[in-house]
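**Q** predicted coordinates and the sequence they were generated for:
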Number of protein chains: 2
Amino acid sequence: MRILIVGLGVIGGSYAMALKAAGYEDVYGIDNNLETLKKAKELEIIKEGYVDGSEIVEKYDLIILSIYPMLIKSFIEENKRLLRAGTIITDATGIKKPFIEDILKILPKEVDFIFGHPMAGREKRGIDYASKEVFKGANYLITVTDRNIESNIKVLEKIIYEMGFRKIKRIDPFFHDKMIGFTSQLPHAIAVALINSDEEGRDTGSFIGDSYRDLTRIANINEELWSELFIGNKDNLIESIDKFLIEMNNIKSALIKNDDNELKKYL
Amino acid sequence: MRILIVGLGVIGGSYAMALKAAGYEDVYGIDNNLETLKKAKELEIIKEGYVDGSEIVEKYDLIILSIYPMLIKSFIEENKRLLRAGTIITDATGIKKPFIEDILKILPKEVDFIFGHPMAGREKRGIDYASKEVFKGANYLITVTDRNIESNIKVLEKIIYEMGFRKIKRIDPFFHDKMIGFTSQLPHAIAVALINSDEEGRDTGSFIGDSYRDLTRIANINEELWSELFIGNKDNLIESIDKFLIEMNNIKSALIKNDDNELKKYL
């Protein structure tokens, strides 16, 4: 099986490492960073690397697009040659419905794009933080579209399990975005708001325990990527934020009233 | 050095284990649960155990009170015999100012109570979850009072470092409670509110990644203990909650306005 990974950052790099550990030897990579390509080849996680798709002539069985969602559209437009009938394409994008709508408009008819979302990843960026362990035990979501071919989905699922994911769930894109608004985007917004609400110059670091560390670990986010994901899913995220704010205000009002029974009920 | 640990739960039990690992052999325990005392003796982390202080005649060099704050007052009143001149008393209570005020009113004059707060601990309860690793690399806070004797504080600090704590900070109780409202209590309130804001029956577990796990790990809290800590520190906690809500609303309004520049600024 010939596999091409587009984007060898922390996610794409981890895919390459997990595929190697699973015994896949024909893995190639595209990345616009020469240093990244060099490292990937030294780690022997790709057989060959390219800065873009222009030099590639061979056909691939699977193409994984692990680049920023805003770049996927232009990648598809510039690399229609790579997208052949029989090639399975997949991605790792954090929102689905608006993204799928955009892509399906420009995707060649004979191409099977199985939209996927690995529920794992590091706060860090770049291949230096990639690891074959990242996906061990993680969830994976596939947002099935009318155009997907069942046998292709099964091929992809097999590879996903081999890479270490614990559970694959097939859902529709609308429900995906609703859930992700709560389980992924809201926690990131909370972590950022918590850090932003700190005051300067009071040596907060000496007062932290595991609770603060746990809540802020993910706050160091890639703001280019995440602002796009947030705005692309704004209605669901706002709804999740509102429900969360109601619960915070419940706790706050129990405190104001000195009502420990009510407080215990919430806790 | 003869040490007595009152309360062999996850914190007291971890103290006992860490002291054993640091080479302290004369460690005794009080716990009202016979099963707990039995386990502690089997683990050889206490030399002898007692269900209460009534049988104890010997003097201890250090008494660690790792029981719920509401029980410390009655323990002191019932066990004045144990609190001798020369004995160092310490605790692990999560709030300080109102607690210290209460305790100093009833504490015998010749007793040196050095109020402490280990910034570590498990969400779990009970000796089964105790470990000598819990304190490795953690922060420890000492809220110094006028009555404390410097040489005693130094004795305690040495033991704290031997148990694995990375950094001890001495601060006044007022500032302690202000900081803890932000670094410890607010994260716990957030974790609880996040879980409470979920909807039932939508298989949330299949949609979670590390971000959700990180933010909710601490939500499984002991509500008896934490409602007391929250209400005891309500002004500081409400202030921290308000600052946090301002930041959440900043993010929300940037979303509503589709303003990705403002959003990136917050992220």
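**A** Thanks, I have the structure now.

**Q** model confidence at residue A:13, what's the number?
**A** Confidence at residue A:13, expressed as pLDDT, is 96.

**Q** what's the mean pLDDT across the longest helix along chain A?
**A** Taking DSSP state H as the criterion, chain A has its longest helix at helix A:234-256. For helix A:234-256, the mean per-residue pLDDT is 96.

**Q** do that helix and chain B meet at all?
**A** Yes. Contact of helix A:234-256 with chain B is found when judged by CB under 8 Å from any CB of the partner chain, involving A:234, A:237-238, A:240-252, A:255-256. No exception for glycine: its C-beta is placed from N, CA and C like everyone else's.

**Q** what's the helix or strand that that helix is followed by packed up against?
**A** The first helix or strand that comes after helix A:234-256 along the chain, using DSSP states H and E, is helix A:260-266. When contacts are defined as 3 or more CB pairs under 8 Å, 6 or more residues apart in numbering or on different chains; DSSP states H and E, helix A:260-266 packs onto helix A:234-256, helix B:186-196, helix B:223-232.

**Q** the same query, at a cut-off of 7 Å, please.
**A** helix A:234-256, helix B:223-232 (3 or more CB pairs under 7 Å, 6 or more residues apart in numbering or on different chains; DSSP states H and E).

**Q** now do the buried residues in the longest helix of chain A.
**A** A:234, A:236-238, A:240-241, A:243-245, A:247-248, A:250-252, A:254-255 (16 or more other CB atoms under 10 Å in any protein chain shown).

**Q** strands paired with the helix or strand harbouring residue A:170, and their directions?
**A** Residue A:170 is part of strand A:167-171 when elements are defined by DSSP H and E. Taking DSSP bridges as the criterion, strand A:167-171 forms sheet pairs with strand A:139-143 (parallel).

**Q** where exactly do the helices run in chain A?
**A** So, for chain A - with DSSP H - the helices run A:10-21, A:34-42, A:69-78, A:97-106, A:150-162, A:173-180, A:186-196, A:210-216, A:223-232, A:234-256, A:260-266.

**Q** so can I have JSON lines of the ones you listed showing distance to residue B:43?
**A** JSON lines is the format used below for the helices of chain A (distance: least, CB to CB, whole Å):
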{"stretch": "helix A:10-21", "distance to residue B:43": "39"}
{"stretch": "helix A:34-42", "distance to residue B:43": "47"}
{"stretch": "helix A:69-78", "distance to residue B:43": "53"}
{"stretch": "helix A:97-106", "distance to residue B:43": "54"}
{"stretch": "helix A:150-162", "distance to residue B:43": "41"}
{"stretch": "helix A:173-180", "distance to residue B:43": "43"}
{"stretch": "helix A:186-196", "distance to residue B:43": "37"}
{"stretch": "helix A:210-216", "distance to residue B:43": "23"}
{"stretch": "helix A:223-232", "distance to residue B:43": "46"}
{"stretch": "helix A:234-256", "distance to residue B:43": "38"}
{"stretch": "helix A:260-266", "distance to residue B:43": "32"}
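
**Q** pLDDT at the residue lying closest to residue A:208 once chain neighbours are set aside, what is it?
**A** Sequence neighbours aside, residue B:183 is the residue nearest to residue A:208 in space, at 5.0 Å (criterion: CB to CB, 6 or more residues apart in numbering or on different chains). pLDDT for residue B:183: 92.

**Q** any buried residues in the longest strand seen in chain A, and which?
**A** In chain A, with assignment by DSSP state E, the single longest strand is strand A:112-119. Neighbour-count burial for strand A:112-119 flags A:112, A:113, A:114, A:115, A:116, A:117, A:118, A:119 (criterion: 16+ other CB under 10 Å).

**Q** for the first one, give me its contacts.
**A** In this structure, residue A:112 makes contact with A:88, A:89, A:147, A:148, A:149, A:152, judged by CB atoms under 7 Å, 6 or more residues apart in numbering or on different chains.

**Q** tally of neighbours for the second one?
**A** Each residue near residue A:89 was counted by other CB atoms under 10 Å in any protein chain shown, and the total is 26.

**Q** quick one: it from chain B, how far?
**A** 23 Å (CB to the nearest CB, to the nearest Å).

**Q** please apply the same query to the last one.
**A** Summarising the geometry, the distance separating residue A:152 from chain B, computed by CB to the nearest CB, is 22 Å.

**Q** the fifth one now?
**A** Between residue A:149 and chain B the distance, using CB to the nearest CB, works out to 24 Å.

**Q** partners of the closest residue to that residue other than its chain neighbours in the sheet?
**A** Using CB to CB, 6+ apart and skipping residues adjacent in sequence, the residue nearest residue A:149 is residue A:112, 5.3 Å away. Beta-bridge pairing for residue A:112 (DSSP bridges): residue A:88.

**Q** circling back to that earlier point, can you list contacts of the longest helix of chain A?
**A** Contacts for helix A:234-256 (CB under 7 Å, 6+ apart): A:177-178, A:181-182, A:185-186, A:189, A:230, A:262-263, A:266, B:189, B:192-194, B:196-197, B:230-231, B:234, B:237-238, B:241, B:245, B:248, B:252, B:255-256.

**Q** switch to 8 Å and redo it
**A** A:177-178, A:180-182, A:185-186, A:189-190, A:230, A:260, A:262-263, A:266-267, B:189-190, B:192-194, B:196-197, B:230-231, B:234, B:237-238, B:241-242, B:244-245, B:248-249, B:251-252, B:255-256, B:258 (CB atoms under 8 Å, 6 or more residues apart in numbering or on different chains).

**Q** related to what we said a few turns ago, chain B: which of the buried residues of strand A:112-119 is nearest?
**A** residue A:119 (3.7 Å; CB to the nearest CB).

**Q** residues in contact with that closest one?
**A** Contacts of residue A:119 (CB under 8 Å, 6+ apart): A:138, A:139, A:140, A:141, A:183, A:184, B:207, B:208, B:209.

**Q** likewise residue A:159?
**A** Taking CB under 8 Å, 6+ apart as the test, what residue A:159 contacts is A:19, A:22, A:24, A:62.

**Q** can you select the buried ones from those residues in PyMOL?
**A** Per 16+ other CB under 10 Å, the buried members of those correspond to this PyMOL selection:
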select buried, chain A and resi 19+24+62
